[in-house]
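1. Sequence and predicted structure are below.
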Amino acid sequence: MSHSSPLFYCGSSSVHEAARSIVVCRDLGEKLKPLVDEKGARLEDKPAERELYWEPGRDPAHRLIDKGERLPSAKNLTNPEVKALYFERFAHHELMAVELFAWALLAFPDAPKALRRGWVKVLEDEQRHCRLYLERIDELGGTFGGDGLPDYFWRKVPTSRTGVGGVKAFLAAMGLTFEQANLDFSAGLIQKFKSMGDERSASVVQVVHDDEVTHVALASHWLQLLSEGEALKSAYEECLPFPLFPAKARGRSFQVEPRRRAGLSDTYIDWIRNVPAWREEDFDAGIRKNKRLASKGFER
Ligand SMILES: [Fe+2]
Ligand SMILES: [Fe+2]
């Protein structure tokens, strides 16, 4: 089955309806349909009431589970079965990103129109990434799902799915933490695949990596704009909901260049590179911070 055919459209008549269908429906194919009508035109972003969802609808084979099996060491990536397992994990990250951008479109109907347009574009990129990875799994003879898939982003991003901290918390968590960290993970993998002579896998991950730069740029731009000139570091620190913390915004092989391309300043990049990992004693401060964010409700 091909996952990359552009010859489909969703049956919804607005961005809001399409976003709801992506979050609620259980069928994977439905979740990956771009937000266009049968003529290929963009869906209208009509005003709508806020809707909050605690978890996505999923087929039994793709249901969310608490913790997935640890992936085998990257040393074993020469084995196509192991490679398919890696692509399964990546494809699921992309699927969760698709659902979470749809979640944000439903949770934040009052977000600026231009930001919502940006989210629709990112959502469609995530759908494309997911389809690319699913194709790679097919090529490698693997399967997607079966015994469930780890719920990591869903557990962490909307901060217990309540939308605490509003739009800025979502930008900090999704764009500036997970997507920023993915700049490192994806760059590391591209290197790894190239060193193994697997140009096909490298080129697939490269597409994702390049798009990710633009996703980080969108989040950084809007977090600063909505923070009225506050420096990115302090806006990010203030809005990032616990249990996320800034050190989560980096991966093992720290990459400066894609961060610069995303428009992040050298001061901010240096800080992310060196910020200490979370410690036990930060727990109370984290709880206090979430209470502070919660007291602001859905404020921007
Ligand atoms: Fe992605
Ligand atoms: Fe992304």
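-> Noted; the coordinates are in hand. Worth saying up front: this structure is predicted, and the values here are computed from it rather than measured. Ligands and ions are numbered 1, 2, ... in the order given.
2. How many neighbouring residues does the closest residue to Leu149 other than its chain neighbours have?
-> Using C-beta to C-beta, 6 or more residues apart in numbering and skipping residues adjacent in sequence, the residue nearest Leu149 is His92, 4.5 Å away. Any C-beta I mention is one placed from the backbone N, CA and C, and that applies to glycine too. Using other C-beta atoms under 10 Å, His92 has 22 neighbouring residues.
3. again, but for Glu124
-> 17.
4. For it, report the pLDDT, please.
-> On pLDDT, Glu124 comes in at 97.
5. isn't it right up against Leu32?
-> No - with contact taken as C-beta atoms under 8 Å, Glu124 and Leu32 are classed as non-touching, separated by 9.7 Å.
6. got the contact list for the residue of the stretch 1-150 of the chain found nearest ligand 1?
-> Nearest to ligand 1, among the residues of the stretch 1-150 of the chain, is His129, at 3.9 Å (C-beta to the ion). For His129, the contact set (C-beta atoms under 8 Å, 6 or more residues apart in numbering) comprises 94, 97, 207-208, 211.
7. And the next helix or strand past the helix or strand encompassing it?
-> Using DSSP states H and E, His129 maps to helix 113-139. Following helix 113-139 in sequence order, the next helix or strand is strand 149-150 (DSSP H and E).
8. What lies in contact with the very next helix or strand once past that following strand?
-> Remark: after strand 149-150, the chain's next helix or strand is helix 152-156, criterion DSSP H and E. Helix 152-156 is contacted from outside by 55-56, 64, 93, 96-97, 99-100, 161, 173-174, 178, 243-244, using C-beta under 8 Å, 6+ apart.
9. Residue numbers of this structure in contact with ligand 2?
-> Residues of the chain lying close to ligand 2 (C-beta under 5 Å from the ion) are 179, 215.
10. Just the closest residue of the chain to ligand 2, please.
-> Closest point on the chain to ligand 2, by C-beta to the ion, is His215, at 3.8 Å.
11. Phi first, then psi, for that residue.
-> phi -70, psi -40 (degrees, to the nearest 10).
12. how much does whatever helix or strand the residue nearest to Leu149 lives in deviate in direction from helix 113-139?
-> In this assignment (DSSP H and E), His92 forms part of helix 80-107. If you take axes from the mean of the first three to the mean of the last three C-alpha atoms, to 10 degrees, helix 80-107 sits at 160 degrees to helix 113-139.
13. For helix 80-107, list every residue counted as buried.
-> 82-107 (16 or more other C-beta atoms under 10 Å).
14. Low-confidence ranges, the stretch 1-150 of the chain, go.
-> Along the stretch 1-150 of the chain, the parts satisfying pLDDT under 70 run over 1-10.
15. Can you identify each of the helices in the protein by residue range?
-> 15-24, 28-31, 80-107, 113-139, 152-156, 166-170, 179-195, 199-226, 232-239, 257-261, 266-274, 283-295 (DSSP state H).
16. Just the residues contacting the shortest one, thanks.
-> Residues external to helix 28-31 that are found in contact with it (C-beta under 8 Å, 6+ apart): 10, 21-22, 25, 59, 62, 95, 98-99, 127, 144.
17. what do you get if the cut-off is 6 Å, keeping everything else the same?
-> Contact with helix 28-31 is made by 22, 98, as judged by C-beta atoms under 6 Å, 6 or more residues apart in numbering.
18. One more: the first one?
-> With C-beta under 6 Å, 6+ apart as the test, helix 15-24 has contacts from 10, 12, 31, 35, 43, 45, 48, 53, 56-57, 99, 102-103, 105-106.
19. Enumerate every residue touching the residue in the stretch 151-300 of the chain positioned nearest to ligand 1.
-> Among all residues of the stretch 151-300 of the chain, Val208 sits closest to ligand 1, at 5.2 Å; criterion: C-beta to the ion. Going by C-beta under 6 Å, 6+ apart, Val208 touches 129, 186.
20. and if you look at Leu71?
-> Leu71 neighbours (C-beta under 6 Å, 6+ apart): none.
21. ok, it to Gly197 distance?
-> 21 Å (C-beta to C-beta, to the nearest Å).
22. sorry, back to before: wait, the residue nearest to Leu149 sits on Asp151?
-> No - using C-beta atoms under 6 Å as the test, His92 is too far from Asp151 to be in contact (9.3 Å).
23. separation between Glu55 and Leu64?
-> 6 Å.
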